[in-house]
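# here is a sequence with its predicted model. Questions after.
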Amino acid sequence: MGFESLFKKKLPYEGWPKDLNHVTSEMAKAAGIGVARVRCHRNTWAYLAEQVPNHKKAGFTRPEEVEDSVFRPPAEEDITNEADGLITVSLSGSTLAAVLHFCSNIQDRPRWPNHAYNQLDKAIGRRVGTAISQALLNVVPSADVSGPMAVIYLDDKITATDTTA
């Protein structure tokens, strides 16, 4: 694939989120997962761990007004450090749904004076939301405890032919 064809190809996160009903369905699906693992850079996780709790079910609120959040950060023992700053974080389904809700909700929210979500925030949210959404395509209700663990990868690679000198 040549460099020019990369610009013509629509990336999977460009159309996310589709609409509110789709995201609501995805949140319900995420909430049904017992444990999901997210593999990402520790800075990406730190961003999410800081931002998602400031987001409330009914919309945005100031951090001092946040009561109980569905978002529950994992304990240190639920975070596995890997090479190159990557980590794997074990999340409950409800926490995964809260992350998805945050990622979707910041896409169309106006700026708040104390917490402005800018284009960078929206881009990160779009990419994370897309990764969760794509992983949820393979989720089916199951009572089988021996089924595979859901793993969501946030580790896109730059191919050697696309690098700059």
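Yes, it's here. Residues are numbered from 1 along each chain as shown.

# how about the lengthiest helix in the chain: buried residues?
Ranked by residue count, the top helix of the chain under DSSP state H comes out as helix 119-136. The neighbour-count check on helix 119-136 (16 or more other C-beta atoms under 10 Å) flags 121, 124-133, 135-136 as buried. C-betas here are computed from N, CA, C, even on glycine.

# and the helix or strand that comes right after it, what does it pack onto?
Going down the chain from helix 119-136, the next helix or strand is strand 150-153, by DSSP states H and E. The contact analysis (3 or more C-beta pairs under 8 Å, 6 or more residues apart in numbering; DSSP states H and E) places strand 150-153 against strand 35-41, helix 119-136.

# reformat those as CSV; add distance to residue 52 and mean pLDDT.
Shown next, in CSV, are the helices and strands packed on strand 150-153 (distance: least, C-beta to C-beta, whole Å; pLDDT from 0 to 100):
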stretch, distance to residue 52, mean pLDDT
strand 35-41, 12, 94
helix 119-136, 10, 92
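
# and the ones you listed as a markdown table, adding distance to residue 50?
Below are those laid out as a markdown table (distance: least, C-beta to C-beta, whole Å):
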| stretch | distance to residue 50 |
| --- | --- |
| strand 35-41 | 14 |
| helix 119-136 | 11 |
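
# which among these is found nearest to residue 151?
Proximity of the helices and strands packed on strand 150-153 to residue 151 was assessed by C-beta to C-beta; the nearest stretch is strand 35-41, lying at 4.7 Å.

# show me what counts as buried in the closest one.
36-40.

# what angle separates the helix or strand that comes right after it from helix 119-136?
Sequence order places helix 42-51 as the next helix or strand after strand 35-41, per DSSP H and E. On the basis of axes from the mean of the first three to the mean of the last three C-alpha atoms, to 10 degrees, helix 42-51 is oriented at 100 degrees to helix 119-136.
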